[in-house]
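Asks: Only the shape, not the letters, is given here:
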């Protein structure tokens, strides 16, 4: 079987079957839109909106990707569709890549929601669009693998969504989305520096405002390392809980 054909087929099937499931609509689309409106409509201060834009973008990505994986993975596990896919002559890494590609695309699209709103309220002419795309894509990949790591540990959608909230909501306050990491108590800062959204937010902030807490030469490599670790952890979790 051609690897690209298999990848495309699995991705297309997931898009048709899962993208419009109620949990995706509620957590993956309505929730980010509501947060975007809350921040952008309530205030007329351009400086304030500029400061919160990176956090809202990362928030949209985080909830979009993790919600997508919570639906696709748990439905596949409950219906035992994943076991049938394992019989296909493709590698496990290609299979996991195909299952997560839709969530990554979903997360990148979700990032457009706050950016479109911001374009009506802010002057984005100074935005580094190439760096923004890199930051959004890497954040979507990291959030997707985090969602995969959580989703393979449970069997039902509501369990995956609930379990994900134990990670997502603390990240709102610990990843520098809206509260600077430097403003956190010193004993919480080490936690912030092991969370992928911390670095994704900083990269997007550099792209949109030209300011960042950490050097770009640090944020990009660390985020890539975290992506690799999350992928390896997810693969290990899949093998342990779904295969062995």
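Replies: Good, I have the coordinates. The structure displayed is predicted, hence computed values, not measured ones. Residues are numbered from 1 along each chain as shown.
Asks: got any ranges where the chain has weak pLDDT?
Replies: 1-2, 17-29, 31-33, 36, 39-48, 79-89, 154-160, 241-244 (pLDDT under 70).
Asks: Flag every buried residue along the biggest helix by length in it.
Replies: Longest helix in the chain by number of residues (criterion: DSSP state H): helix 46-79. Buried residues in helix 46-79, defined by neighbour count with 16 or more other C-beta atoms under 10 Å: 49-77. To be clear about C-beta, it is placed using only N, CA and C from the backbone, and glycine gets the same treatment.
Asks: What segments of this structure are helices?
Replies: Counting by DSSP H, the helices of the chain are 3-18, 22-23, 31-42, 46-79, 81-86, 92-121, 129-151, 157-174, 189-192, 196-209, 216-238.
Asks: what angle do the last one and helix 92-121 make?
Replies: Think helix 216-238. 140 degrees (axes from the mean of the first three to the mean of the last three C-alpha atoms, to 10 degrees).
Asks: by how many degrees do helix 216-238 and helix 129-151 diverge?
Replies: 30 degrees.
Asks: buried residues in helix 216-238?
Replies: Neighbour-count burial for helix 216-238 [16+ other C-beta under 10 Å]: 216, 219-220, 222-223, 226-227, 230-231, 234-235, 237-238.
Asks: What is that helix packed up against?
Replies: helix 92-121, helix 129-151, helix 196-209 (3 or more C-beta pairs under 8 Å, 6 or more residues apart in numbering; DSSP states H and E).
Asks: Now do it: distance to the chain's middle.
Replies: Put simply, helix 216-238 sits 13 Å off its chain's centre (C-alpha atoms, centre = their mean, to the nearest Å).
Asks: can you give me the angle that helix makes with helix 46-79?
Replies: Going by the same axes, to 10 degrees, helix 216-238 makes 20 degrees with helix 46-79.
Asks: Can we start the residue count at 362 from this point?
Replies: All set: I'll call the first residue 362, so the last point we hit is now helix 577-599.
Asks: ok, the nearest residue to residue 459 once chain neighbours are set aside - how many residues close by?
Replies: Take residue 459 and drop its neighbours on the chain: the residue closest to it by C-beta to C-beta, 6 or more residues apart in numbering is residue 371, 3.8 Å away. Residues lying near residue 371 (other C-beta atoms under 10 Å) number 20.
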